[in-house]
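S.K.: have a look; sequence and predicted model below, questions after that.
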Amino acid sequence: MELNEKSESLITELPKIIERGKKEAQKILDGLSGKNRITLQTNELVLPSKDNVGLFRGQIKEIGKQEWFNRLVYGDNLFAIQALLAGDPSTGILSMREKIDLIYIDPPFDSKADYRTKIHLTGADIEQKPTVIEQFAYSDTWKNGTASYLEMLVPRLILARELLSEQGSIYVHIDWHVGHYVKIILDEVFGRENFVNEIIWQGTTGDTSAKNTKFIKSHDTIFLYGKNNPQRIWNDSFQSYEEGGLKPYKYQDEGGRYRWTDVSNPGGGGYIYDLGFGEKTPKNGYRMPKETALRWLKEGKLKVEKDKVPCIKRYMNLEGVRCKDVWIDIKSLQAAENIGYGTQKPSELLERIIKASSNENSIIADFFAGSGTTGAVAEKLGRKWIMSDLGKPSCMIMRKRLIDQDARPFLYQSIGDYQKEQFEKSTFKTIGDLSQVVLSLYGALPFPAQEGVPTNLGYIKSSKTLVVVDSPSKLTGHMTLKKAQELRASFMGGWDKVIVLGWNFVTDIGKIINAIKDNRLEVLVIPQNLLDMLKTKASYEQLIKSGKIKFSSLQYLKVKPITKKEYDKNNWEFLIELDDYILLSPDALSLDKVNQEKLQKIIEKEPLSLIEYWSIDPDYDGEVFRSKWQDYRGNTENDNDEFRVVKKTKLIIPKTKEKRKICVKAVDVFGFESVAVEEMK
């Protein structure tokens, strides 16, 4: 009988997967102190203060002295973990190496899962495929099935171990597809001696897809490992007596409920004696000396009967029975808690884990954070937290959930200079080389190489259009657009139109484009993960052949002129109102034709209904956006409308003699962000 070919291949491949993962992790660790280390950039400092009256008239929140901010990170968790390990000395951010007491991860396993996002809008429901960067990550994770999944997991687990404190623990939540392989990897990374528990959580409703052909699958597995078992934080966890599999104590006296249990000593080496009642001596002797037994007998704590092993009175522990490694008492996600995220776990599950393996003020991390249950529960229990996820819908859900919970101020971050980091790791030797590739992917022709001709310029002959590719190391802003206009007018005799292709943009790029009002200037976004997809010559040729690269137009927000009036002698009242939202073309989104048509109708009829979340920084410093007021779809406390945000608000803001920049940030239902900034005298 021959082994299954795939099974044999994976068994053979597993040691190689682990070895490659170790080398990748070591390379990352060696580069943490280098000049090209990855950092996190702060998109938003969120001071939860949701609008709950329609026209918000409350004094805006301010930040007190705070040395620690919890973090919600958007992006690939491999980069997020690297950034946490490296820290950023230039901004005073310390490395998190050996600072985290508990890591919980629930890496999704289902290569055939439906990753589409269902968006409920007024008058229409839209289904969106994952963003380009998400699609790339998913396809990379599953390209060789389980082997690719394990390749993804190994370096992340190795780096996660570096984040754990000496008293730290990691819980890895996994299912039947890969649990056995992951256990071997965990033994290798954390050491078999640091394996603590295999927890069986019977919290799923049961897989009935193969009805009447197998036993119903109804549990997940959670592996618990310590960084260093003797020092591991542990707080006893309890289940109720019924749920822990024990019957309630049926007797009661002034000391409480109790039951009788025999005093035999299964471990052996006990005391041998006769109490004189014709009782049966325990097989391995008594647990206590005879004088103690006689005293207990006198006090009513010991019961002795003929031909029976004596029993001792055991009072019920009010906390319950110590928790077993089979959890049948925590049910699957209940409707009241469900926020509409597919892999959401019940809070009770994370509460047990966090209470058991961390203390108050411990730092908790989750690098596949999904719906944010880990952070939400950590917040409730007085722990510090770090969460990251690759999905924009996930990060939007988590941010709203934390604001709903009135969490402490937290940072919403992303991978700093993502394209710059990727370029420096790529095979391209110069920005010019990369620009030439981008030009060809866009469909533009490069100019013949000659002195005085920039390598980032190309053209489309049929429409007499000049194409400019900006650098991944720059923020495309006013100076770039002004230079593009000059090139259009003078370069090689002039052009009818100029298109600027940019990687990263200044925050008020929408306002700049609107102010220029040049219909012969177009600004497009280079796909965020393009450098990921250009790792090999073969992948570049495949991209050219497929023609799947889409350069999308920018979206931007319009806000009506902000007005103010005196509220009292110390404060102004500012009226801030949304005016319009210009979305990138529907054909640039991951939508099929039917959903594109639905979206186009909404854009024409009510574009502001596409706003998922908007927030305000009334004292914007041009660097960190401090979100001091928020409203979002699903917040029904202010207008009883779950599909729309409120369009205006009033903020009471302290008077100052200084000029004030008010920044309004909006995030649409697809996760695209845009800002509007207005300076007030």
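M.R.: Yep, that arrived. Numbers count the residues shown, from 1 in each chain.
S.K.: how far away is the residue lying closest to residue 309 once chain neighbours are set aside from residue 275?
M.R.: Spatial nearest neighbour of residue 309, excluding adjacent residues (Cβ to Cβ, 6 or more residues apart in numbering): residue 262 at 4.4 Å. Every C-beta, even on glycine, is put in place using the N, C-alpha and C of the backbone. Here residue 262 is placed at a distance of 14 Å from residue 275 (Cβ to Cβ, to the nearest Å).
S.K.: list residues touching both of the two?
M.R.: Jointly contacting residue 262 and residue 275 under the rule Cβ atoms under 8 Å, 6 or more residues apart in numbering are residue 310.
S.K.: okay, now residue 515: neighbour count?
M.R.: Using other Cβ atoms under 10 Å, the number of residues around residue 515 comes to 10.
S.K.: kindly report the same for the one 5 residues further on.
M.R.: Around residue 520 there are 13 other residues, counting by other Cβ under 10 Å.
S.K.: that one contacts residue 489, doesn't it?
M.R.: No - the criterion here is Cβ atoms under 8 Å, and residue 520 misses it with residue 489 at 10.0 Å.
S.K.: do you know the pLDDT at the spatially closest residue to residue 280 that is not a sequence neighbour?
M.R.: In space, not counting the residues next to it along the chain, residue 280 is nearest to residue 309; the distance is 5.1 Å by Cβ to Cβ, 6+ apart. Residue-level confidence at residue 309 comes out at 91, pLDDT.
S.K.: quick revisit: measure the residue nearest to residue 309 to residue 662 for me?
M.R.: Where residue 662 is concerned, residue 262 sits at a distance of 75 Å (Cβ to Cβ).
S.K.: the two - which one has more neighbours?
M.R.: Neighbours per residue (other Cβ under 10 Å) separate residue 262 from residue 662, with residue 662 holding more: 21 against 14.
S.K.: dihedrals phi and psi, that one?
M.R.: phi -100, psi 120 (degrees, to the nearest 10).
S.K.: that one: what's it in contact with?
M.R.: When contacts are counted by Cβ under 8 Å, 6+ apart, residue 662 is found next to 562, 574, 576, 616-620, 677-680.
S.K.: is the residue nearest to residue 309 in a bridge, and if so with what?
M.R.: residue 311 (DSSP bridges).
S.K.: check the gap between it and residue 563 for me.
M.R.: Residue 262 sits 82 Å away from residue 563 when distances are taken as Cβ to Cβ.
S.K.: tell me the buried residues in stretch 596-615?
M.R.: For stretch 596-615, the neighbour count (16 or more other Cβ atoms under 10 Å) marks 598-599, 602-603, 607-615 as buried.
S.K.: so which of the residues you listed sit within strands?
M.R.: Judged by DSSP state E, the subset of those located in strands is 611-615.
S.K.: ok, which stretches of the stretch 51-200 of the chain are helices?
M.R.: Secondary structure of the stretch 51-200 of the chain, counting by DSSP state H, counting those that start in this stretch: helices at 77-86, 132-142, 146-163, 179-190.
S.K.: ditto for the stretch 451-600 of the chain
M.R.: According to DSSP H, counting those that start in this stretch, the helices that the stretch 451-600 of the chain contains are 478-490, 509-516, 530-533, 537-546, 593-605.
S.K.: could you dump the ones you listed to JSON lines with mean pLDDT and distance to residue 101?
M.R.: What follows is these, written out as JSON lines (pLDDT from 0 to 100; distance: least, Cβ to Cβ, whole Å):
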{"stretch": "helix 478-490", "mean pLDDT": "93", "distance to residue 101": "46"}
{"stretch": "helix 509-516", "mean pLDDT": "80", "distance to residue 101": "41"}
{"stretch": "helix 530-533", "mean pLDDT": "71", "distance to residue 101": "33"}
{"stretch": "helix 537-546", "mean pLDDT": "70", "distance to residue 101": "41"}
{"stretch": "helix 593-605", "mean pLDDT": "86", "distance to residue 101": "44"}
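S.K.: alright, that wraps it up for me.
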